[in-house]
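>>> Sequence and predicted structure are below.
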Amino acid sequence: MPVFLTRLSRVRELPVAVAFVTLVAITATLNPRFLLPQSVKDLLLNATIIAILAAGQAMVIISRNVDLSVGSILGLSGFATGTLFALFPDIPIVLVFLAGIALGAALGAFNGILVVTAGVPSLVITLGTLYVFRGLNNAWAGGTEHFSGDRPKEFSNLSVDTVFGLPIITLLAFAVIAAMAVYLAKFRSGRDFYAIGSDPDAARLFGIPVGRRVLTAFVINGALAGLAGVLYASRFSSVGARTGTGIELDVVAAVVVGGVAIFGGSGTVVGAAIGAFLLTTITSALTALRVDKFWQQAVVGALIISAIVIDRVSTLRNARRLRLEQARESFPALNEGEGR
Amino acid sequence: MSVLTTDQRAPWRRLLSAVALGATAAVVLAGCAAGSTEEADSAPAEDTETTASAEALSITFIPKNLNNPYTGVQLKGGKEAAEELGMSYLEVGALDAAADSQVPFIQTEVQNGTDIIVLAANDPNAVCSALDEARAGGAKVITFDSDADCRDLFINQVEEEEVALGQLRQLFDQIGGTGEIAILSATANAPNQNAWIAAMRAEIETNADYEWEIVAEVYGDDEDAKSFQEAQGLLQAYPNLKGIISPTTVGIAATARYLSTSEYKGQVALVGLGLPPQMKEFIKDGTVTAFALWDPSEVGYLAGYAGKALADGTITGAEGETFEAGKLGTFTIGENGRIIVGPLLEFNAENIDDYDYISF
Amino acid sequence: MTGVTSEIGASKIWQRINVRDVAMLGVLVIVIVINSFARENFASTTTVGYLLLDAIPIMMLALPMTFIIISAEIDLSVASIVGISAATIGALVLREENMVVAALSGVGVGVLAGAFNGFLVAYLGLPSLAATIGTLALYRGLALVIIGDASVGSFPETWTSFVQGKLGGTGVPTVTIAVLLFIGLAIIVLHYSPFGRGLFALGHSQDAARFVGVKVEHAKFWLFVASGLVAGLVGLYWALRYGSARSDSAAGLELTVIAAVLLGGVSIFGGRGSIPGVVIAVLLVATITYGFRLQRISDVVLVMITGGLLIASVTAPNYYQRIRERWRLISRAKASPAD
């Protein structure tokens, strides 16, 4: 078999990418309107926010952590955006973006510092901050909601206007995901995350500044959640106390479906992003296919489980193949014997 | 983690646990003893309160959930009524609108001996056993916005039929009587939603002018992003869709936002129940021609006055009784303890600016 | 610090007690005392009744969750199993089925759901966090398929009044007896049986546990089945206590249960924890919640305090240990000065 194809079949993102393409193909065949420019634009826009969240979460999960508070961070950032525009109608949009990202980064740092210095598992810490940040959001917002009509047209149009057929905020998401993918793959400090996720103690012994890296992961994840909050305010009608509630499990599901191992150490940001696109597309596809509304959530759940099973099977096969290869390399005599 | 044998530490650990257990036992016993004298507090508390502080009736509003802009308007009215009548006002509630979320809050009111409980039921069944206990203890129970069986009165903003008919009429004015239409509702279980939708379907059946085909009924769960995505789905699945009815303020705003940012703007008519300040931008940019609602604060206000009348004994909740409700005038109780606040308010480009006060 | 001592002979009960649980009990007592003084009607049988009725679902679900987390797994689908059980019961009652049939079917559905979870985690080897996120969505979705948008409330009077009934004048709900039995059973199995010791070993190291003869897949499978069974029972309780069965019954409860279990001293890494600790933690959260609501303190504050409590409960012991070690190093340095 050509080397190219064998290497392709081992790409961890392959199953989820294939699933995505298959889903789109089937749906488009049964309902051609699924690929109309408006529909494609909708699909991309729907996935944008979750894809950004999934990219950040992937980084955290690769380092053997998890951040359950992203929904609450998104909510706070979204409401902050609405509030800024309400208080300062002429505020430069860039400033609002920076404010949202900074707020998210600060909250992410809070998570990161607790995880690193207290040595407590991130699942526990971020479960706690999920509640605390949500409480802050409620305390701050009360019953107030900010509506899209109170935000500048240019800001809302970021989620509407397209460049080369792609919505602006989707291009932004692609840029962010690409940057993170490059960082994790090509830079020493980026690759450290994989080491930390595979074996934290070994990483420490090796000289990797584990604490600093993990803190960085949480800060970046928080910053991305903050960015997602600003984009949410751009796209949707209202931001308030309940914005972003419950989104954390969707994000973790997207990351897992995208081939990132929940125990850390493997997977890619691109895979997580594809997982996000897959999950949002499933929901839209089911509606486009007129699947009974009562069956939709069950189908999504079944598809998540299938994705995990497929990923598990392919990981096991790859691991087995690797072991056999290494065995052959270690014992050349085995190979010589074959020629006889 | 140290797996030390506890023998080394047994002595002080044993002492500590004995003390803790002893303290717990003491508190529990004290609680039981206090409890038997406190038993009286939940039942005739109303009497002691009204005799102790003559006019200060206690009224507590329990909306579907807190931090919800729509219920915020209702509560504003309720608070105003309570202040006018000299009642002590409280609003409590959960942060989510689940079926069981309100029960602990009703229980609290029962235990604290509140005189009047005003509730917008998340679920008609779940709240009843707690409300029955409240009524057994002498409290008056009023539901508003969303009904349950176990109450003395139900304050309904607008007659269900009128809510349904008004929206259908607005739709008819925009697209005529034929074509495919869809309904984007809130949650599948919401009693008021289902009542309105049932009335709409009945009207379409019987009315010869309305020959629409309802191709889909979807649920946005009163969530902005989900309603948005459901609206998208509708337009993809039903290319010939001519109109969408969304009798929920979250749903109509999300749908309007989607329509106004897509190529479907102006091609698909949107009617429903919306908050004027939230819908103003969509009226101005032409996405929505007309929508409807009422003044939610009037509901809360009337509930306050009705509660006072019940607690004073002016009315008993029977059909035909009348009572005064401050600035809203006189009201007559209808069948099955239902009171209608008023007519449907319709909004369009001409009057949209007059209703900014319907906001939190 | 666990109560797992050396295996030389059976340990006496007081040797099993660990400091964390005692400290938590102390906090619970203090909270009860403060609430009793802050609000005169707190210390009453009404409180006991309502508080326990509210706390029972979480208490029941926390028991198998403790087992599962100790063996280094997790079950995020418990609330959805409660939902699907309640939905099954409601759907059957709606179809005029006999209540006994409905109840058994509901619990049976819970067992099946738990078995599927167990199959995925134990035999297919899927990571439980990921797998149960999937089944969380699947079961909630199936609940919607089963009962649609109906809210069923027509349960037989005998059943509902039994579930809501109290024992004599104490205010304690009748079902508490069953709950106490479950708690007793859980304590015996986890702390006093070979199976339970095997679970602690499993939580520390799956391979090591296998070497000493623990049947890993077997154990995990049955844990998830137990979780499903208990969730099914909670579904029945939920439907009867609230007189309402809907597709979204108990939605979101899983995070509350996990928070309570973690608060109870169970380590998320596995291998450490105790049932008494979890029981106390559930009661602590229930008491704080009840006290706040009785005082009409907003849930906003409650949510933040619950989150803060969870964070503090796991970070404080670590900081405390760090400080103690530093003290030890300092005192050792003082005792043997460098020559």
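Everything's here; your move.

>>> residues contacting residue B:91?
By Cβ atoms under 8 Å, 6 or more residues apart in numbering or on different chains, the contact set of residue B:91 is B:60-63, B:66, B:75, B:78-79. Where you see a C-beta, it was placed from the backbone N, CA and C, and this is true even at glycine.

>>> Run through the helices of chain B in chain order.
Applying DSSP state H to chain B gives helices spanning B:10-38, B:45-52, B:69-85, B:103-112, B:128-136, B:160-175, B:191-206, B:224-237, B:249-260, B:276-284, B:296-312.

>>> With distance to chain C, mean neighbour count and mean pLDDT added, can I get those helices in TSV?
Converted to TSV, the helices of chain B look like this (distance: least, Cβ to the nearest Cβ, whole Å; neighbours: other Cβ atoms under 10 Å in any protein chain shown; pLDDT from 0 to 100):
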stretch	distance to chain C	mean neighbour count	mean pLDDT
helix B:10-38	4	15	54
helix B:45-52	9	14	41
helix B:69-85	13	22	90
helix B:103-112	5	24	93
helix B:128-136	6	20	92
helix B:160-175	17	20	93
helix B:191-206	7	17	90
helix B:224-237	13	25	87
helix B:249-260	15	28	92
helix B:276-284	23	22	91
helix B:296-312	18	25	92
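
>>> Format those helices as TSV; extra columns: distance to residue A:59.
What follows is those, written out as TSV (distance: least, Cβ to Cβ, whole Å):
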stretch	distance to residue A:59
helix B:10-38	44
helix B:45-52	57
helix B:69-85	36
helix B:103-112	40
helix B:128-136	47
helix B:160-175	48
helix B:191-206	41
helix B:224-237	24
helix B:249-260	31
helix B:276-284	37
helix B:296-312	45
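
>>> can you tell which of the ones you listed is closest to residue A:206?
Nearest to residue A:206 among the helices of chain B is helix B:10-38; the distance by Cβ to Cβ comes to 41.1 Å.

>>> what about the closest residue to chain B within the stretch 151-300 of chain A, neighbour count?
Chain B sits closest to residue A:287 of the stretch 151-300 of chain A, with a gap of 2.7 Å, by Cβ to the nearest Cβ. Counted with other Cβ atoms under 10 Å in any protein chain shown, the neighbours of residue A:287 add up to 24.

>>> which residues does the nearest residue to it once chain neighbours are set aside contact?
Excluding the flanking residues, the one nearest residue A:287 by Cβ to Cβ, 6 or more residues apart in numbering or on different chains is residue B:233, at 2.7 Å. The contact partners of residue B:233, by Cβ under 8 Å, 6+ apart, come to A:283-284, A:286-288, B:218.

>>> and of those, the nearest to residue A:169?
Taking Cβ to Cβ as the measure, residue A:169 lies nearest residue A:284 of the contacts of residue B:233, at 17.2 Å.

>>> tilt between the helix or strand harbouring that closest one and helix B:224-237?
Using DSSP states H and E, residue A:284 maps to helix A:269-288. Angle, helix A:269-288 to helix B:224-237, by axes from the mean of the first three to the mean of the last three Cα atoms, to 10 degrees: 60 degrees.

>>> For residue C:95, find the nearest of the helices of chain B.
helix B:191-206 (19.7 Å).

>>> Counting by contacts, list what that closest one packs against.
Packing partners of helix B:191-206 (3 or more Cβ pairs under 8 Å, 6 or more residues apart in numbering or on different chains; DSSP states H and E): helix B:160-175, strand B:178-185, strand B:211-219.

>>> ok now do the closest residue to residue C:314 other than its chain neighbours, which residues does it touch?
Distances taken as Cβ to Cβ, 6+ apart place residue A:120 nearest to residue C:314, at 4.5 Å, with adjacent residues excluded. Listed by Cβ under 8 Å, 6+ apart, the contact set of residue A:120 reads A:114, C:314-315, C:318.

>>> so which strand or helix has residue C:163?
With DSSP H and E as the criterion, residue C:163 is inside helix C:157-164.

>>> now that helix, how far from the centre of its chain.
24 Å (Cα atoms, centre = their mean, to the nearest Å).

>>> repeat for stretch C:290-304
Centre-to-centre, stretch C:290-304 and its host chain are 22 Å apart (Cα atoms, centre = their mean).

>>> avg pLDDT for that stretch?
For stretch C:290-304, mean pLDDT is 90.

>>> Residues contacting that stretch from elsewhere in the structure, which ones?
Contacts of stretch C:290-304 (Cβ under 8 Å, 6+ apart): A:131-132, A:134-136, A:138-139, B:66-67, B:90, B:92-95, B:104-105, B:108, B:111-112, C:31, C:34-35, C:38-39, C:41-42, C:47, C:50-51, C:54, C:288-289, C:305.

>>> Of the contacts of residue B:233, which count as buried by neighbour count?
The neighbour-count criterion (16 or more other Cβ atoms under 10 Å in any protein chain shown) marks A:283-284, A:286-288, B:218 among the contacts of residue B:233 as buried.

>>> Next, residue A:162: phi, psi?
phi -120, psi 150 (degrees, to the nearest 10).

>>> ok, now residue A:262?
Dihedral pair for residue A:262: phi -70, psi -20, per degrees, to the nearest 10.

>>> mind checking how far the residue nearest to it when sequence neighbours are not counted is from residue A:261?
The shortest distance from residue A:262 to any non-neighbouring residue, by Cβ to Cβ, 6+ apart, is to residue C:127 (4.5 Å). To residue A:261, residue C:127 is 8 Å away according to Cβ to Cβ, to the nearest Å.

>>> same check, this time on residue C:185
From residue C:185 across to residue A:261, the span is 36 Å (Cβ to Cβ).

>>> picking up where we left off before, hmm, the residue nearest to residue A:262 is touching residue A:252, no?
No: shown here, residue C:127 and residue A:252 do not form a contact pair, counting by Cβ atoms under 8 Å, at 11.3 Å.

>>> Looking at these two, which one has more neighbours?
Taking other Cβ under 10 Å, residue C:127 and residue A:252 do not tie; residue A:252 has more neighbours (25 against 18).

>>> ok, which residues in the stretch 201-350 of chain B are in contact with chain A?
Counting by Cβ under 8 Å from any Cβ of the partner chain, the stretch 201-350 of chain B comes close to chain A at B:216-219, B:223-225, B:228-230, B:232-234, B:236-237, B:239, B:250, B:253-254, B:256-257, B:261-264, B:277-278, B:280-282.

>>> Tell me the pLDDT of residue C:328.
For residue C:328, the pLDDT comes out at 89.

>>> for it, phi and psi?
phi -60, psi -40.

>>> What's the nearest residue in the stretch 151-300 of chain B when you look at chain C?
Scanning the stretch 151-300 of chain B for proximity to chain C using Cβ to the nearest Cβ identifies residue B:188 as nearest, at 3.2 Å.

>>> Measure how buried that residue is and give me the count.
The tally of other residues near residue B:188 (other Cβ under 10 Å) stands at 22.
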